Every structure is written in C-alpha cells, then in structure tokens.
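Engineer: Fold the following.
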Amino acid sequence: MAADIAANNDLTLDAAKGRMLEFQNGLRLAHLLYSVAELGVADQLVAGPLPVDEIAKRVDANPGALYRAMRAIASRGVFTEVAPNTFALNTMAETLRSDIPGSLRDHFRYEGQPALQQAYAALGHSIRTGQSAFEYVHGTDLFSYLTARPELGEVFNSAMGEIVSHLQSVAVAAYDLSGIRRIVDIGGGHGYLVARILQRYPEMRGVVFDLPEVAPGAIEVLTEAGVIDRSETVGGDYLSSVPPGADAYVISHVVHQLSDAEAITVLKNIREVMDPAGRVVILDPVIPEGDVPHPGKFLDIVMMALTPGRERTEAEFASLFQAAGLRHVETVALSAPSSVIVAMAD
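Structural biologist: Got it, this is the predicted structure:
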C-alpha cells in the first residue's frame, strides 16, 4: 500500500484526474451493490448461471435495467457474465449470498438504506460543525431511530453481528485472557463474544451487560454455545453503572460510537467497581498516524456521519484511560482492522 501511495505522487495531472473519477465511480458501484443485495440476486444463482430475464423474473426487476447493473458490477469483478445476458456467481459475489456464514448481504442492505444515505450526503455538516450528520438530518440519534423501526433494526443487528463477530474472533485469538475468573462484556448484545470467550476458557464465568430489552436475547446464544451454566445476563445503562466485581471488562466496538465524554464516563463507571488488579479490554480499530492506509480511517467517517463517536489513535485511547483513572498497558494487533487495547487501574 505504501508503494501505491508513492506511485500516486508520481502521477501526471491527467492520470490523477482519471484516478479521481474512478473514486467517484466507487460511489455508483456501492449503490449498485446495495441494490442487488436488497433484491437477493446472489441467492438466485446458487444452483448455477441464469439468463438475466430469469433472474429479473425471480427478483421482480426490469430485465434491461438489471442487465445494465450487473454488467457494470461484473466489470469490477462481482458476478461474471458467462454467456451473453447470462450471469453466474464468482467468489466476490458469493459474499452476497444470504445462506453462508459471514454473509455480507445484510451489511450492504443496511448501508444502502435511504436514512443512512441521507446522512452520508450531509457529511459537509459534520465537517463544518463536528456534529452527527444523521442527527442533523433525522432529528434523532441513530439508535433511537433504529429502535423506532424494528425491521430496520433487525437488518442493522444482522449486518453488525456478522462483521463484528469476525473481528471479535481475530481479537480473541490474539489476546490471552488466561487467569481471568469473571469477565463482563459491556454492551454485549446477544452474547456472541462472551460465548466465544467462555468456550475458549472453561474455568471462566461471564456476564453479558446491555440494555434491559437487549440482554435477555443472549440467553439463546449462550445456551447453544453450551456455556449458559457459567454465564448470566444483566440489563442496565453503561452510562449510569456497570456490574461490579469482575477482573476483566471487555468493551467491543462500543467506545468508537461514543463521544470522548461518554467514553470517559463508561470507563470511570468500570474503574469504580472493577477488581483492583483487573483490566479493561477494548476491541476497536486503532488509527495509525500519517498517510498509512487502514480500514479504520474510513470507518471513522462512518462514525462521524452516524454517531457522536470516532475511531482513535493509540495516544487518544491513552488519554481516555488517564481521564478515567486508568493507564494504558498494552495494544495487541495494532495493524489489524480491530485491535485489543488494554488498561489497568492507575
């Protein structure tokens, strides 16, 4: 990637214009992917290639327009036109199937929702004011908006569950929790992370802590994972208090949704009740300094548009810890999409 950046600096002006226009085409490609994901095109091709007329009939689309869309997408390596007007899955398109582990279909469906697109279109407001474009456009925060629209909330939960589950798997493998007796997952959702950790550490007990209407949803996951006898679910608001007495508190992909003030509040709440020798383990991207490419730099733009939060550098995490009476002791997998940032009592 560094070589690509250096090469970009050597472009002629005409070549740079071409590259910039390709970036703009990326916006149109994204919208096409949102659309075919919503239609469920990939699911229609599981048994083999189909003429576009047949695909259109199955997904209730206009055959001519669908062909033009798929022709464009296939030119960028998603689906393949195996014969005139006939398309098949390829490896890239397989990710849009709804019936595979780690499917990205709901991720694309969610990102294509008009409510989000309107917020991204108002990014200029965020850049001018530092405030959430989503709240500016819709008059409410993202999570209140989703709560009031359960069907959209389900798409969000499915989309985030697949992405975060993959990142959590990498993080759990990267960081050793041996010796921890009791762990609390702050904002633990439906309990996938606690289930994964308890399966890895059979002597450990775990708590899934989330809003009262969310936490009970973890019972099924914990039961299916075979760890329900070593776990519990607790409802509450992490901005007010957290369950006491654990020797590790995990916060997975939550801090980046919070403003600095909110993040410090959560960390202080943990600091007040944690075991004196305990630790705080945050799973979030860690942004490298300078021009170094990192997926977190664009996820940070998502946070800017949709939430009061942000992705942070290692130094910015250290500042949050210090303000909460904690100290940064370790960062694991610094170059990964999501890192493990560890703090202990100061």
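Engineer: so who does A42 touch?
Structural biologist: When contacts are counted by C-beta atoms under 8 Å, 6 or more residues apart in numbering, A42 is found next to 36, 79, 89, 93-94, 96-98, 105. For every residue, glycine as well, the C-beta is placed using N, CA and C.
Engineer: If you count contacts, what does the longest helix along the chain end up packed against?
Structural biologist: Secondary structure of the chain read by DSSP state H shows that its longest helix is helix 13-39. Helix 13-39 sits against helix 63-74, helix 105-111, with contacts defined as 3 or more C-beta pairs under 8 Å, 6 or more residues apart in numbering; DSSP states H and E.
Engineer: Just the buried residues of the longest one, please?
Structural biologist: Read that as helix 63-74. Of the residues in helix 63-74, those buried by neighbour count under the rule 16 or more other C-beta atoms under 10 Å are 66-67, 69-70, 73-74.
Engineer: May I ask which two of those residues are separated the most?
Structural biologist: L66 and A74 (12.0 Å; C-beta to C-beta).
Engineer: Against G124, how distant is the residue nearest to I127 when sequence neighbours are not counted?
Structural biologist: Distances taken as C-beta to C-beta, 6 or more residues apart in numbering put M304 closest to I127, at 8.0 Å, once the chain neighbours are dropped. As judged by C-beta to C-beta, to the nearest Å, M304 and G124 stand 11 Å apart.
Engineer: could you pull out the helices for the stretch 151-300 of the chain?
Structural biologist: Listed in chain order, the helices of the stretch 151-300 of the chain (DSSP state H, counting those that start in this stretch) span 192-200, 218-224, 260-273, 295-306.
Engineer: tell me what the first one is packed against?
Structural biologist: Right, the one you point to is helix 192-200. Secondary structure elements in contact with helix 192-200, counted by 3+ C-beta pairs under 8 Å, 6+ apart, are helix 150-174, strand 182-186, strand 205-210, helix 218-224, strand 231-235, strand 248-252.
Engineer: repeat for the last one
Structural biologist: If you count contacts as 3+ C-beta pairs under 8 Å, 6+ apart, helix 295-306 packs onto helix 114-121, helix 123-129, helix 133-138.
Engineer: show me the contacts for A69.
Structural biologist: When contacts are counted by C-beta under 8 Å, 6+ apart, A69 touches 32, 35-36.
Engineer: And the helices and strands packed on helix 192-200: which comes nearest D291?
Structural biologist: Closest to D291 of the helices and strands packed on helix 192-200, according to C-beta to C-beta: helix 150-174, at 23.7 Å.
Engineer: Give me the average confidence score over that closest one.
Structural biologist: The average pLDDT for helix 150-174 rounds to 80.
Engineer: list the buried ones in that helix?
Structural biologist: Burial within helix 150-174, assessed by neighbour count using 16+ other C-beta under 10 Å, is assigned to 152, 155-159, 162-164, 167-168, 170-172.
Engineer: And stretch 295-307, by the same measure?
Structural biologist: Residues 296, 299-300, 302-307 are the ones in stretch 295-307 that count as buried (16+ other C-beta under 10 Å).
Engineer: export the residues you listed to JSON lines and tack on pLDDT and distance to Y249?
Structural biologist: Conversion of these to JSON lines gives the following (pLDDT from 0 to 100; distance: C-beta to C-beta, whole Å):
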{"residue": "G296", "pLDDT": "93", "distance to Y249": "22"}
{"residue": "L299", "pLDDT": "94", "distance to Y249": "23"}
{"residue": "D300", "pLDDT": "96", "distance to Y249": "24"}
{"residue": "V302", "pLDDT": "95", "distance to Y249": "25"}
{"residue": "M303", "pLDDT": "96", "distance to Y249": "22"}
{"residue": "M304", "pLDDT": "96", "distance to Y249": "26"}
{"residue": "A305", "pLDDT": "96", "distance to Y249": "29"}
{"residue": "L306", "pLDDT": "96", "distance to Y249": "25"}
{"residue": "T307", "pLDDT": "96", "distance to Y249": "21"}
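Engineer: Closest one to T331 out of the residues you listed, please.
Structural biologist: Closest to T331 out of the buried residues of stretch 295-307 is G296 (13.1 Å), distances taken as C-beta to C-beta.
Engineer: Would you confirm that the closest one contacts E314?
Structural biologist: No: in this structure, G296 sits apart from E314 without contact. The criterion is C-beta atoms under 8 Å, and the distance is 11.6 Å.
Engineer: what is in contact with the two at once?
Structural biologist: In the contact map built from C-beta under 8 Å, 6+ apart, the residues linked to both G296 and E314 are V286.
Engineer: any idea of the mean pLDDT in stretch 316-335?
Structural biologist: Averaging the model's pLDDT scores along stretch 316-335 yields 93.
Engineer: what's the answer for stretch 281-290, then?
Structural biologist: Stretch 281-290 shows a mean pLDDT of 94 in the predicted model.
Engineer: what residues does it touch?
Structural biologist: Surrounding stretch 281-290, the residues in contact under the criterion C-beta under 8 Å, 6+ apart are 167-168, 171, 175, 177, 248-253, 255-256, 294-297, 299-300, 311-314, 317, 331, 334-335, 337-343.
Engineer: Can you flag the buried ones in the residues you listed?
Structural biologist: Neighbour counting by 16+ other C-beta under 10 Å classes 167-168, 171, 175, 177, 248-253, 255-256, 294, 296, 299-300, 311-312, 314, 317, 337-343 among the contacts of stretch 281-290 as buried.
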